[in-house]
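> Sequence and predicted model, in that order:
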Amino acid sequence: MKYRDLREFLDGLEQRGALRRIAVEVDPRLEMTEISDRVLRAGGPALLFENPKGHDIPVLTNLFGTPERVAWGMGEDSVSALREVGRWLARLKEPEPPRGLKSAWESLPLFRKVLDMAPKKRRSAPCQEVVWEGDAVDLSRLPVQTCWPEDAGPLITWGLTLTRGPHKERQNMGIYRQQVIGRNRVIMRWLAHRGGALDFRDWQQAHPGEPFPVTVALGADPATILAAVTPIPDTLSEHAFAGLLRGSRTELVKSLGNDLWLPASAEIVLEGHIHPDDTAPEGPFGDHTGYYNEVETFPVFTIDRITLRKDPIYHSTYTGKPPDEPAVLGLALNEVFVPLLQKQYPEITDFYLPPEGCSYRMAVVSIRKQYPGHARRVMMGVWSFLRQF
């Protein structure tokens, strides 16, 4: 089944018994993480905390807490069907010249689908029904989780960050954690090789001293969220891939304060800018390793405006020692990785990123070994092919 927005997906999960509503008061500070962690480790449902302490906006956690829910979010009925998604991506990443008329005809539907999935732009959307500006912009009004006792502060975790470099027509969409440090200020933790950081670097070179526009969308439809964490080809936009998964074009609406387009299905939107000289030390935060990571300096995102639905849902997660939601995502995406790697290295027969390695620190690769040093060659290839290494 395909889902147009987050609410349709939640309805589908509830019908399958894969969503639990929690009516009692639960504190976003530490308590939500503890409950979410226990439920995820038991293979339990997604959780909708309807009465977060001190707030009137429900909090959604563990949305992709099982591989099956990842598959459902991608519009598939089973985890094994995700391998077909990987085959699509492999064909789109490196199209093969047709071996004849029949081969060309068989390839045509996929490429026609991609062309038909160009995003559809709207003039307005429910995520802009309510607008907070000026002094009303206050992140303490949102039920942002503080996940672990020694965390540096509340952390926005599932924000889809939208940027555009000065030399690019296409926007980038990535997920970067954001530490709340004031009523309208968060630290944007994007690593130097990530798309948002590269756009920011190019902007600084082209427009020295000028603020860099950024929009963050929270609570989009599941296909759009998962498109942001899937290794899609550089020639394919996340929005087009989400449309391919969903079977319908991704609808976008323009930010009120800049030229960035965001998923119209979003629940909450943060609009603002990053000034080149504005940085702050980020962390420490509990991490995949089971330890708190080190403090590093990253840019500060100043929020000028918050737009939201009249009755928004705040989508959140936590990061901790596996299994956690990112590890479950990695487990499901193993199925997507296999055809992508086989396209480059046909000798690979199977591939697995174990959650115990945080889905990026360790890989198990099975190959048809043909000569001495073959395994080393494949190892080096995998390191260069998958960006998380």
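Here it is on my side, so go on. Numbers count the residues shown, from 1 in each chain.
> Correct me if wrong: residue 325 contacts residue 66.
No - the pair residue 325 / residue 66 is not scored as a contact, 9.7 Å apart, by Cβ atoms under 8 Å. (Each C-beta comes from the backbone N, C-alpha and C, glycine too.)
> Compare neighbour counts for those two and give me the winner.
Using other Cβ atoms under 10 Å as the criterion, residue 325 and residue 66 rank with residue 325 on top: 27 against 21.
> list the contacts for the more buried one?
40, 61-65, 317-318 (Cβ atoms under 8 Å, 6 or more residues apart in numbering).
> Let me see the contact set for the residue nearest to it when sequence neighbours are not counted.
Nearest non-adjacent residue to residue 325, counting by Cβ to Cβ, 6 or more residues apart in numbering: residue 317, 4.7 Å away. Taking Cβ under 8 Å, 6+ apart as the definition of contact, the neighbours of residue 317 are 36, 61-63, 157-158, 324-326.
> Just the closest of those to residue 174, please.
Using Cβ to Cβ, residue 158 comes nearest to residue 174 of these, at 11.9 Å.
> Now do the SS call for residue 132.
Three-state call for residue 132 (DSSP: H, G, I helix; E, B strand; the rest coil): strand.
> Would you agree it is in contact with residue 305?
Yes - applying Cβ under 8 Å, one finds residue 132 in contact with residue 305, separated by 6.8 Å.
> what about these two, which has more around it?
residue 305 (21 against 16).
> beta partners for the more buried one?
According to DSSP bridges, the residues that bridge with residue 305 are residue 133, residue 271.
> And it, how far from residue 134?
9 Å (Cβ to Cβ, to the nearest Å).
> sorry, back to before: among the contacts of residue 317, name the ones in strands.
Mapping those onto strands (DSSP state E) picks out residue 61.
> what would the contacts of residue 317 look like in CSV with pLDDT and distance to residue 178?
CSV is the format used below for these (pLDDT from 0 to 100; distance: Cβ to Cβ, whole Å):
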residue, pLDDT, distance to residue 178
36, 99, 19
61, 99, 17
62, 99, 20
63, 99, 18
157, 98, 8
158, 98, 10
324, 95, 18
325, 96, 17
326, 92, 16
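> Now intersect the contacts of residue 317 with the helices, please.
If you go by DSSP state H, the contacts of residue 317 have 36, 325-326 in helices.
> Helices along the stretch 201-350 of the chain, start to end?
Under the criterion DSSP state H, counting those that start in this stretch, helices of the stretch 201-350 of the chain are mapped to 222-227, 238-246, 325-344.
> Select, out of those, the one closest to residue 203.
Distance to residue 203, taken as Cβ to Cβ, is lowest for helix 238-246 among the helices of the stretch 201-350 of the chain, at 19.6 Å.
> same question for the closest one, mean pLDDT?
Averaging pLDDT along helix 238-246 yields 91.
> can you check stretch 177-186 too?
For stretch 177-186, the per-residue pLDDT averages 99.
> Compute the first-to-last residue distance for that stretch.
One end of stretch 177-186 to the other measures 9 Å (Cα to Cα, to the nearest Å).
> which residues touch it?
137-140, 144, 152-157, 159, 187-189, 216, 272, 280, 282-283, 285, 300-304, 319.
> Identify each buried residue in that stretch, please.
By neighbour count on 16 or more other Cβ atoms under 10 Å, the buried set for stretch 177-186 is 177-181, 184-186.
> now do stretch 297-307
Taking 16+ other Cβ under 10 Å as the criterion, stretch 297-307 shows 298-307 as buried.
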